[in-house]
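Enquirer: Predicted structure and sequence below. I'll ask about it afterward.
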Amino acid sequence: MKGFASWWVLACGLVGAAHAAPVADALDRPALMVRAPARAVLLAATECGSRLVAVGERGIVVTSDDGGVQWRQSRVPVSVTLTAVQCPEPMVVYATGHGGVVLASSDGGATWSRRLEGRRAAQLALHDAQASGNAKAVQEAQRLVDDGADKPFLDLHFFDARHGLVVGAYGLAFSTEDGGQTWQPWMKRLPNPNGAHLYALRVRGSTLLVAGEQGLVLQSTDGGREFHRLEVPYQGSFFTAELPADQEIVLAGLRGNVWRSTDEGRSWTQLRTPAPVSVTTSAMSPKGRLLLGNQAGALLRVSGADVVPLEAPALPPLNALQPLRSGALLALTDQGPVAVPMPESRP
């Protein structure tokens, strides 16, 4: 899964906003079909049955039916950068990205339709704030409306084909119960008064975990009805997170910080890492091993109280890791996808 990639595309989008075409235009402009889509910057991938679906910059979506050897580009109705993708049921795929966009596919990623975008999301937030009577919430929601569709979603989780949650920059969070036909703002459920960016969303059973900037970690143990903030010793950004086992939480992010709790966040232990390089992505292997990737292109594995490097070919900076049913590990890099042997399959 991806983490730092979300931060990177968010930062680049904000810095370059004055020089780029308006996001609203990209929301209404289909993605350009390119000659070598697999060489694009891809930020997230998922397995949808035997098919791989990956998403990335400028609205590029690619699919592969041979384990990532060959890729073909899908037609997408937007050209904003896409940051996350998930296949909750066979052939049903959802993706999120910049401009507050949520896309859906019912044919395994071959064709896509838009289910939400930032202008509509801002209006939903404003209506919800007005109904609450909270003056500060109304002011913040009005700012969203005035800013236009410039806020990205950075992660998502769909429990099934109809029920899902998306989170993103400035504390944005929306849920749907009908496959994206309608959406409900969740911002007031999250104790995030400063609107910190939300980078990673993970789910295990009835536990939902949201990790973000400035040490923000939010947890729900009742399926999302109520969230509380976890106190973590580190106050830097967490780009990724995993829930490897019941009551276990692993957070990873800036400067190689990796923290683990085995009691649902009541206490924390910092894991030893080989270098102070930002951890950019994480994934659980089929055999339950926690794999990490960092900004330097290193593949890592959590082993006891240590994060240890794995023998692997030199890779560019890593955006995402996707374990494959074939036994390989798909690494998404700034230079395209690379399939490497799954670390646990080596002697």
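Expert: Cool, the structure landed.

Enquirer: Do a quick rundown of the helices in the protein.
Expert: Shown for the chain, the helices assigned by DSSP state H span residues 4-15, 23-27, 118-132, 135-147.

Enquirer: These: which one's closest to residue 157?
Expert: Distance to residue 157, taken as Cβ to Cβ, is lowest for helix 4-15 among those, at 14.2 Å. C-beta here means a position set from N, CA and C on the backbone, and glycine is covered the same way.

Enquirer: Now render the helices of the chain as a markdown table, adding distance to residue 228.
Expert: Output for the helices of the chain, formatted as a markdown table (distance: least, Cβ to Cβ, whole Å):
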| stretch | distance to residue 228 |
| --- | --- |
| helix 4-15 | 23 |
| helix 23-27 | 33 |
| helix 118-132 | 20 |
| helix 135-147 | 19 |
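
Enquirer: what stretches of this structure score poorly on pLDDT?
Expert: Counting by pLDDT under 70, the ranges of the chain that qualify are 1-22, 24, 343-347.

Enquirer: could the helices of the chain go into a markdown table alongside mean neighbour count and distance to residue 182?
Expert: What follows is the helices of the chain, written out as a markdown table (neighbours: other Cβ atoms under 10 Å; distance: least, Cβ to Cβ, whole Å):
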| stretch | mean neighbour count | distance to residue 182 |
| --- | --- | --- |
| helix 4-15 | 20 | 25 |
| helix 23-27 | 20 | 19 |
| helix 118-132 | 18 | 9 |
| helix 135-147 | 15 | 18 |
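
Enquirer: between those helices, which gets nearest to residue 338?
Expert: Once Cβ to Cβ is applied to the helices of the chain, the stretch that comes out nearest is helix 4-15, at 14.9 Å.

Enquirer: The helices of the chain: which one's closest to residue 59?
Expert: The closest of those to residue 59 is helix 23-27. By Cβ to Cβ, the value is 7.4 Å.

Enquirer: what are the C-alpha coordinates of that closest one, in PDB please?
Expert: Extracted as PDB, the C-alpha positions of helix 23-27 are listed here (Å, rounded to 0.1, in the frame of the first residue of the first chain):
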ATOM      1  CA  VAL A  23      -8.000  21.200 -11.000                       C
ATOM      2  CA  ALA A  24     -11.600  21.800 -12.000                       C
ATOM      3  CA  ASP A  25     -10.500  21.500 -15.700                       C
ATOM      4  CA  ALA A  26      -8.800  18.200 -15.000                       C
ATOM      5  CA  LEU A  27     -11.900  16.900 -13.400                       C
END
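
Enquirer: Which other helices and strands does that helix contact?
Expert: For helix 23-27, the elements it packs on are helix 118-132, judged by 3 or more Cβ pairs under 8 Å, 6 or more residues apart in numbering; DSSP states H and E.

Enquirer: Other residues contacting the helix it packs on?
Expert: Residues outside helix 118-132 that contact it (Cβ atoms under 8 Å, 6 or more residues apart in numbering): 23-24, 27, 99-101, 137-138, 140-142, 144-145, 147-151, 172, 174, 183-185, 187-188.

Enquirer: residue boundaries of the strands in the stretch 101-250 of the chain?
Expert: For the stretch 101-250 of the chain, the strands defined by DSSP state E, counting those that start in this stretch occupy 101-105, 113-116, 153-158, 164-168, 173-176, 184-185, 198-204, 207-212, 217-220, 228-229, 238-242, 249-253.

Enquirer: would CSV of those with distance to residue 320 be doable?
Expert: Below are the strands of the stretch 101-250 of the chain laid out as CSV (distance: least, Cβ to Cβ, whole Å):
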stretch, distance to residue 320
strand 101-105, 17
strand 113-116, 22
strand 153-158, 11
strand 164-168, 17
strand 173-176, 21
strand 184-185, 27
strand 198-204, 12
strand 207-212, 16
strand 217-220, 21
strand 228-229, 27
strand 238-242, 9
strand 249-253, 13
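
Enquirer: Many thanks, have a good one.
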